[in-house]
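Novice: Turn this into a structure:
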Amino acid sequence: MSKELEIEFKNLLTKEEYHRLSAFFGYTADDAKEQINYYFDTADFLLRQQKSALRIRKKKDGFECTLKTPAETGYYEITDQLTRKQAEELIELRSFEAPEVAAALKEMGILSRQLELLGNLTTHRIEFPYENGLLVFDHSEYLDMEDFEMEYEVTDYAEGKKKFTSLLQDHGIPVRPTDKKIARFMTAATEQPAKKIIE
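Specialist: Model prediction:
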């Protein structure tokens, strides 16, 4: 388990901007690593009401369960590492072997048995160190849709905001209000999204 403060800045990109920025930093789509996010909430969206989010992420090197809750600046992330078996059972709602996340959910008044799988989102991610932070280019696919975004993860809010704003200005990219991935997913989701298990 780990609990970390996440401070990140986000901006949606057009497809052309995404490819132009990737190329500027020396990357192509072939350099992207695939991640699959599986999103959960209760039937009455108790997590969303508390401005929080729960996901399981499948990456090349394994699986993790992360609960995001709001902080004064950014979000707190509580993460449990999972085995494939634990991830599959959680996604299929058979068990919830993510103890630290489960304890945090309980403090929020949510029991694991109340959770439902909303669906999944696949991200093709390019990430690298940049100006004392981590710069990320994401191409996400979900519910027959796709979008492109840039994220900048930092430890200092004021410094990060200044550098992120300068980066956008230097490349002629307008500031666009950008929700988190789960919020974009929820906006696009149908009333009864398909429940897909790990592929």
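
Novice: For the chain, which segments count as helices?
Specialist: Using DSSP state H, the helices of the chain run over 15-24, 46-49, 84-91, 99-107, 157-170, 181-188.

Novice: how about those helices, which one is nearest T66?
Specialist: Smallest distance to T66 across those (Cβ to Cβ): 7.4 Å, for helix 99-107. Using the backbone N, CA and C atoms, a C-beta is placed for each residue, glycine as well.

Novice: Keeping just the C-alphas, turn the closest one into CSV.
Specialist: The C-alpha coordinates for helix 99-107 follow below in CSV (Å, rounded to 0.1, in the frame of the first residue of the first chain):
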residue,chain,number,x,y,z
PRO,A,99,-7.1,-4.0,2.2
GLU,A,100,-5.9,-0.4,2.5
VAL,A,101,-8.3,0.7,-0.2
ALA,A,102,-11.1,-1.2,1.5
ALA,A,103,-10.3,0.4,4.8
ALA,A,104,-10.3,3.9,3.3
LEU,A,105,-13.6,3.2,1.5
LYS,A,106,-15.1,2.1,4.8
GLU,A,107,-14.1,5.4,6.4
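
Novice: before we move on, back to that, could you dump the helices of the chain to JSON lines with distance to E77, mean pLDDT and mean neighbour count?
Specialist: Below are the helices of the chain laid out as JSON lines (distance: least, Cβ to Cβ, whole Å; pLDDT from 0 to 100; neighbours: other Cβ atoms under 10 Å):
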{"stretch": "helix 15-24", "distance to E77": "25", "mean pLDDT": "97", "mean neighbour count": "15"}
{"stretch": "helix 46-49", "distance to E77": "14", "mean pLDDT": "93", "mean neighbour count": "16"}
{"stretch": "helix 84-91", "distance to E77": "17", "mean pLDDT": "96", "mean neighbour count": "17"}
{"stretch": "helix 99-107", "distance to E77": "10", "mean pLDDT": "96", "mean neighbour count": "16"}
{"stretch": "helix 157-170", "distance to E77": "16", "mean pLDDT": "97", "mean neighbour count": "15"}
{"stretch": "helix 181-188", "distance to E77": "13", "mean pLDDT": "86", "mean neighbour count": "18"}
